[in-house]
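Colleague: sequence and predicted structure are below.
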Amino acid sequence: MAVTIGLSCTDDVHNADYTSGVYLEDDGYYWFLFPFFQDVWEQTGQMIDLYDNAVFSAIELSVLLAILERASAEAREQPDKWEVCIGWRGDDAIMSTVTKPELLALLTKLIDLVTEAQSSQCAVVCFGD
């Protein structure tokens, strides 16, 4: 499973004039960000989800940007490499390694994408598998 995140000058995920930006897989990077994505959902009703689509425009972009900046600040506090739980197999946690430089690069791309959407009056669209 994965989610592709990009820009669209329409607010309709079904008719998006989509430009690809960031691709998130079902790995430690997505699951590190998941609690932040839940915060976005609680505030906007939109979720960056591996299985579903979402559109962020107008005020939602400000919320998304603030939460991504908070995620970036938290990522900077992490060690250079750590394990993130991505699921369970029975009683055993399935772990995935995350590196700080790769996570920060990913967050920079996401923040830049949201900033570009705001400045060009476009939407951020997310396509889950």
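Modeller: Here it is on my side, so go on.

Colleague: just the element for residue 101, please.
Modeller: Applying DSSP states H and E as the criterion places residue 101 in helix 100-120.

Colleague: for that helix, which positions count as buried?
Modeller: Under the neighbour-count criterion of 16 or more other CB atoms under 10 Å, helix 100-120 has 103, 106-107, 110-111, 113-114, 117-118 buried. (Glycine included, C-beta is placed from N, CA and C.)

Colleague: which one of those is nearest residue 72?
Modeller: Closest approach to residue 72 among the buried residues of helix 100-120 (CB to CB): residue 107, at 4.4 Å.

Colleague: contact partners for that closest one?
Modeller: By CB atoms under 8 Å, 6 or more residues apart in numbering, the residues touching residue 107 are 68, 71-72, 75.

Colleague: per-residue confidence at it?
Modeller: Listed pLDDT for residue 107 reads 98.

Colleague: this structure: helices as residue ranges?
Modeller: 28-44, 59-76, 100-120 (DSSP state H).
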